[in-house]
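Undergrad: Output the structure for:
(2 chains)
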Amino acid sequence: MKLKSKGCLFFVALFGFLSRAEACPVCFQSGGEERWAFYFTTALLTVLPLLMVGCFIFFLRKRFVQLEAEHSA
Amino acid sequence: MTAVAVSSPESNGSETRRQLLPSSVLGTLMFVLSEMMFFGALISAFLIVKAGNVMWPPPDQPRLPVEITAFNTLFLVGSGILVYVSNKSLANGDEAKAKKQLGLGILLGSLFVLIQGYEWMQMLGHGLSLTSSTYGSFFYTIIGCHAIHVVAALLILVKVYLSFSKTTFKRTTYWGVQVFWYFVVGVWPVLYVLVYLS
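TA: The predicted structure is shown next:
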């Protein structure tokens, strides 16, 4: 089977047999408050590492510029 | 961490390397970032379980001592300020003053741990234990993990305090310990608001 045909078969399988995944009880068997807590904590745990690494890189860059300025002075 | 500096005429074209950050600070920062994720995960689990309960705290469970812990928070924050001031004094060359301020900071940090221990004894006496409810489990897990961090940081601060005025003292080590201490102090108000006030 050619790669193109395999790709078509994959998409047919993906959309043709698509059903809701009910793995997480928070998403489908809970009230509004619990669901919002789930969304909030998901956002928190997604953003937190990005924010930390971003701040870290920003700090290193600032320090590098500072050292460069000291060196050239 | 090193940065390649621009070649200077003095270095005859050869590259000189200077540190962007001392290794102790870099290592501690990496550790602190992973610890923040650890506490973030604990807080997330706590928030979801709390949201799933109609009544929080559960009606049959004892209430946490909000007032005394608020007072205790001042000790920990004061300790963080004293460690910061101590570093400033050290930078100004006043080693004796820096040592005194660090000693006071350690004392306040120790007071925080002692009052926390006293609180725990009270809570256990009132029937709140690790196995009494999810409320108790989260309380002892989150606050206990923080307490372990405080004790570990205090032990390292004591080690640094004892090495003051000795040849073994390194300012870079002190900076690394400070990063950890600021994390321990900084994460506490967040935990206090979430666990005690919510």
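Undergrad: how about the helices of chain B, start to end?
TA: For chain B, the helices defined by DSSP state H cover B:23-51, B:66-91, B:95-125, B:134-163, B:171-191.
Undergrad: wait, which of the ones you listed is closest to residue A:6?
TA: Distance to residue A:6, taken as CB to CB, is lowest for helix B:23-51 among these, at 38.6 Å. Heads up, the C-betas are built off the backbone N, CA and C, glycines and all.
Undergrad: Distance check, residue B:21 against chain A.
TA: The gap separating residue B:21 from chain A is 7 Å, by CB to the nearest CB, to the nearest Å.
Undergrad: what's the burial count for that residue?
TA: For residue B:21, the tally of surrounding residues (other CB atoms under 10 Å in any protein chain shown) stands at 19.
Undergrad: Phi, psi for it please.
TA: Main-chain torsions, residue B:21, degrees, to the nearest 10: phi -140, psi 140.
Undergrad: now residue B:131
TA: The phi/psi pair for residue B:131 (degrees, to the nearest 10) is phi -110, psi 0.
Undergrad: quick one: contacts for it?
TA: Residues in contact with residue B:131 (CB atoms under 8 Å, 6 or more residues apart in numbering or on different chains) are residue B:137.
Undergrad: ok, so what distance separates it from chain A?
TA: As for residue B:131, its distance to chain A is 23 Å (criterion: CB to the nearest CB).
Undergrad: and what of residue B:22?
TA: Going from residue B:22 to chain A by CB to the nearest CB gives 11 Å.
Undergrad: which residue packs closest to that residue, ignoring adjacent ones?
TA: Nearest residue to residue B:22 in three dimensions, chain neighbours excluded: residue B:172, at 3.8 Å (CB to CB, 6 or more residues apart in numbering or on different chains).
Undergrad: Next up, the contacts around that neighbour.
TA: When contacts are counted by CB under 8 Å, 6+ apart, residue B:172 touches B:22-25.
Undergrad: The same query, at a cut-off of 10 Å, please.
TA: For residue B:172, the contacting residues are B:19, B:21-25, by CB atoms under 10 Å, 6 or more residues apart in numbering or on different chains.
Undergrad: Between which two of these is the distance greatest?
TA: Those two in the contacts of residue B:172 that are separated most widely, counting by CB to CB, are B:19 and B:24, at 10.7 Å.
Undergrad: Give me the buried entries from the contacts of residue B:172.
TA: B:21-22, B:24-25 (16 or more other CB atoms under 10 Å in any protein chain shown).
Undergrad: Was I right to think residue B:108 contacts residue B:73?
TA: No - with contacts counted by CB atoms under 10 Å, residue B:108 stays clear of residue B:73, the gap being 11.2 Å.
Undergrad: of the buried ones among the contacts of residue B:172, closest to residue A:13?
TA: residue B:21 (50.4 Å).
Undergrad: Return the per-residue confidence for residue A:17.
TA: Note for residue A:17: predicted pLDDT of 69.
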